Every structure is written in structure tokens, then in C-alpha cells.
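A.B. asks: With the input below, show me the fold.
(4 chains)
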2 protein chains.
Amino acid sequence: MDDFTRRTTTDAVYEKLHDEIVSLQILPGTKLSETEVARRFGVSRQPVRNAFTKLGNEDLLVIRPQKATEVRGFSMERVELARLVRLAVELEIVHRAVEVWDALREAKLAENIALQEQAIADGDLTTFHALDYDFHKLIYELSGNPLAFDVMLECKQKVDRLCLLSLGKASEAGAILADHRNIATGLASGSLEQAQGSMRKHLSRLDETIAFIHKTHPDYFE
Amino acid sequence: MDDFTRRTTTDAVYEKLHDEIVSLQILPGTKLSETEVARRFGVSRQPVRNAFTKLGNEDLLVIRPQKATEVRGFSMERVELARLVRLAVELEIVHRAVEVWDALREAKLAENIALQEQAIADGDLTTFHALDYDFHKLIYELSGNPLAFDVMLECKQKVDRLCLLSLGKASEAGAILADHRNIATGLASGSLEQAQGSMRKHLSRLDETIAFIHKTHPDYFE
DNA sequence: ATAAGGAGACTAGTATCCAAGTTCTGTCAA
DNA sequence: TTGACAGAACTTGGATACTAGTCTCCTTAT
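C.D. replies: Next up, the predicted model:
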């Protein structure tokens, strides 16, 4: 009665390629050959083909018959679309969260924020980023929509991939923490306006970063 | 300098199967054999395999190694997730629409609504449904986010597929038109609350239909 | 010198063979 | 009659040969 599917060669190839693409180890515009990738992984072309189509479905690859497959470049439209969808979902989750919010939920979120403060006090940015991730995920779970988190995450990753281009340019952790606090107090006070407004502000912090990247890396865009 | 990709056998198989699945000509739980489908289409297994993996990536098929692949059943969680994302996007689009709304945009939307009224007066439901589609699309375009429409549409289709199960049970066209009017006047008056509220109400009309289907067709759910 | 054309090295799509696992069925024994 | 076991007949996954279209570069002719 095993419920999980066997791990297949296709999966392995897919995951490795996916990682390399989203982490920009393989840059946009890079040509990928089925046979060459097959050689590199020591497998036949078939699993590579499967992985390619999967990546193509996610718009990470451009596959055209009889032409070299290449890593898709960024498009400002796509990035803005991903940001729109993420924002939209986050706002609706906040909306649903305020409707079910109670003392228990408030306490759980407060606990996360306390840990964030601790991490910043310790100068431990790695832990802080993990807690940042948890903070957002927590709101989805507490609002009763855990699955929506994955949808949001998919959008977020598309933007994150772009933002990897500007390396040192991380937002101020302090500002992020302040946003989180505002969102939390908005939820706690039952103020939809404050909670949503804070979320909007939180997600708009990337505006300048993305505009900057668009200007400084016109290549990598299609 | 042709920009479009050649049409391939894989595409043909994929599109046909996709249609048959989303139109419920092939019901959830149906077992699909690569070889059998290949025979039916008069092609080899390979393009069928490609099509299968593509459909599997879209969660329309569940493919497990060495086991018969079958058409995925509905899941209430997935349907509710699709509805959540659609609602979220529609609300954010309305939000952006009110910020750029002007007389010209108002006139274009009013024109569409006038046609809707005419269609209902004529008892022409086919035209009305086309105008319904146009109404929503128009808001996306007028708000400056035409691409987001496709995202919404994808969510909508997942729900539509489920709703095909209850055949005669179409919502009252008059009620739909009233919703549209409320959304339009909300936009025209710059009232975000009214516009979003009307949209929320509009999309919640499916609540009972979906609950009804869930109760009357427990099979078809996984 | 330059431009047109062809050979060859690519590309992905398709067909087919084999391997490995699951499911069903039929037979044989209790 | 029923149950268990063996095996056939499925299933998809992977490998490989072959087809067909594209691109590049070099040769050749103007």
C-alpha cells in the first residue's frame, strides 16, 4: 500500500536542471542539447527529454523542433505577472486570515516574530531568512489554506531567480521585520486595511531592485 | 524569421486528449494505456508518452511507473485552491482598474454591458456567455494586465470542468448581468469596496453548485 | 573580393526494442 | 468450493536507431 511513486531517472535529471537554472548556474540564453545533457548525466536521451518538456511547461526552457533548446530569458511582463499573482494571493490569504483570527493563532505568529527579533539581534541572517519563510507560510496555514502557499511560492521563485542577478542588494532585514510586525498587528487588531496595506508595502520593496536589475542587465531579458 | 513552433504529432495528441479530459468525454478514474491511445491515434507510443507527461505535469493524469495511468479525479482542495487564486487575481485586477479608471474605459465597459442586456433581451444565451467572457477579459485589458487574464482563465477552467457534471444547473443569466452592472458601477464611481464586493459575490455564486456536485458525485473525487 | 551554394555537423521528433514491475487469470491442490 | 501459486499479459521507464529540419562554415563561381 505504498502511496509514493518510485523515484525515476527523469525526476533526478529534472530536479538537477531545475536547480541549476533557478540558481542561475545556467544563465538565460544558454543552449542545452539533449544529447549533451544525457552524456553529462550518464543517461539516455529519453529521461532528458521528459525533464526538458517538464521544464518547458514551466517556461524555464524554450523548446522548438529542430532548433537548439535554450534557457528562457527573463521577461519583464512575466516577472510583473508573477508578482501580481503573488500579491493577489497574499492579500486574499490575509483577508481570510482576519476572518478566522483568534488568540491561539495570534500567539503562534507572535512566537515566530519573537524568533525573528532574536535572529536579528544575533546577526544570524540565515536563520532570519528561514523565519521569514516560516512567517509567510504560517499565515497560510493559520488561515486554513496551506495549499495556496505553494502557488505563491512558485510565483516568488520566479522573482527570486531574477533577483539573484543583483547579489549584494538584499533588502534591509530590519525593514522586513517591521513589515512583519505591522502585518501581525493588523491581523491581531482585526484591521484588514492595515494587514493588507502592510503586505502591499512589504511586497513592493522589490520594486527598485527589479527596476535596477532591468536597467543594469538588459541582456538576460528577452 | 518565423516565430511560431512547428506543429508536432505530440501536440496533436496532447490537444485531443486534453480536450477530451476537460470536457469530461473521458471521465476521472478512466485508465489510459499508452499503447492503446497510440493505436487509436495511429501514431507510435513516443508522442503519446510526451503528451502523457505533459498532461501529467498539469495534474490531469496520474502516472505511476509500471501502473496504468489514469485520469485524475477531482479534489475538493484543488478546486477550492483554483477558486481562491482566481478570486484573488480578479480582486487585485479590480484594485488596479479603479486606480486607472477613466471615462474612456468606463465607456468601453458600458458598451459591453449594453450588449449583454441586448443578448438577454433576445434570449441569446450563447452570445451572452461570450460577452460574459469578454466582460472579464476587458477589465484585465483596461487595467493594463492582459497577461493576468490567462492565469485567471486557467483557474476558471479547472472549476468549469467540475461544473460540467451538473448539466442543467447554469446560474441565472439575469443575476450574472446584475453582478456585472454592480462591478461596473463600482469601477465608475471609484468605489473599490463596491467593485470588489460585487466581484466576490459574483464568484461565490458557484458555492452551492460545487457543494451540490460534491455531494451528488462523490465518485469522480479522489 | 564577395556572394551564392552545398556539405556536414548539429538540432529535436519518432519508432522500436528491451527491462522491470504490477495485475489479472487460470490452474491445481486442499 | 475456495485459496494459493505460477505465469501470462499487461503497464510504464529507459535506450537506441533512424528521420527530418536547421545552421554554420567552407568552397566555388562570378
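A.B. asks: Can you name every helix or strand that the biggest helix by length in chain A contacts?
C.D. replies: Counting residues, the longest helix in chain A under DSSP state H turns out to be helix A:76-100. When contacts are defined as 3 or more Cβ pairs under 8 Å, 6 or more residues apart in numbering or on different chains; DSSP states H and E, helix A:76-100 packs onto helix A:125-142, helix A:146-163, helix A:173-188, helix A:192-203, helix A:206-216, helix B:76-100, helix B:146-163. All C-beta spots, glycine's among them, are computed from the backbone N, C-alpha and C.
A.B. asks: The third one: how far from the chain's middle?
C.D. replies: Just to be clear, that refers to helix A:173-188. The chain centroid and the centroid of helix A:173-188 are separated by 19 Å under Cα atoms, centre = their mean, to the nearest Å.
A.B. asks: Using CSV, write down the CA coordinates of that helix.
C.D. replies: Coordinates of each C-alpha in helix A:173-188 appear next as CSV, following Å, rounded to 0.1, in the frame of the first residue of the first chain:
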residue,chain,number,x,y,z
ALA,A,173,16.3,42.8,7.4
GLY,A,174,15.1,45.4,9.9
ALA,A,175,12.6,46.8,7.4
ILE,A,176,11.3,43.3,6.7
LEU,A,177,10.9,42.6,10.3
ALA,A,178,9.0,45.9,10.7
ASP,A,179,6.7,44.9,7.8
HIS,A,180,6.1,41.5,9.5
ARG,A,181,5.2,43.3,12.8
ASN,A,182,2.7,45.5,11.0
ILE,A,183,1.1,42.6,9.3
ALA,A,184,0.8,40.8,12.6
THR,A,185,-0.7,43.7,14.5
GLY,A,186,-3.1,44.2,11.6
LEU,A,187,-4.3,40.7,11.9
ALA,A,188,-4.4,40.8,15.7
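A.B. asks: In it, which residues are buried?
C.D. replies: Of the residues in helix A:173-188, those buried by neighbour count under the rule 16 or more other Cβ atoms under 10 Å in any protein chain shown are A:173, A:176, A:177, A:179, A:180, A:182, A:183, A:184, A:185, A:186, A:187, A:188.
A.B. asks: what do you get for the longest one?
C.D. replies: Buried residues in helix B:76-100, defined by neighbour count with 16+ other Cβ under 10 Å: B:78-79, B:81-98.
A.B. asks: Equivalent analysis for the fourth one, please.
C.D. replies: Neighbour-count burial for helix A:192-203, counted by 16+ other Cβ under 10 Å, picks out A:192, A:194, A:195, A:196, A:197, A:198, A:199, A:200, A:202, A:203.
A.B. asks: check contacts around the fifth one.
C.D. replies: Think residue A:197. Going by Cβ atoms under 8 Å, 6 or more residues apart in numbering or on different chains, residue A:197 touches residue A:186.
A.B. asks: So, low pLDDT: which residues of chain A?
C.D. replies: Along chain A, segments meeting pLDDT under 70 span A:1-6, A:167-171.
A.B. asks: residues from chain A in reach of DNA strand C?
C.D. replies: Within chain A, the positions adjacent to DNA strand C are A:32-36, A:45-46, A:49, A:63-69 by Cβ under 7 Å from any atom of the strand.
A.B. asks: can you narrow those to ones near DNA strand D?
C.D. replies: Okay, of those touching DNA strand D (Cβ under 7 Å from any atom of the strand), that's A:45, A:46, A:65, A:66, A:67.
A.B. asks: neighbours of the residue in chain A that DNA strand C sits nearest to, just the number please.
C.D. replies: Residue of chain A nearest DNA strand C, by Cβ to the nearest atom of the strand: residue A:33 (2.7 Å). When neighbours are defined as other Cβ atoms under 10 Å in any protein chain shown, residue A:33 has 14 of them.
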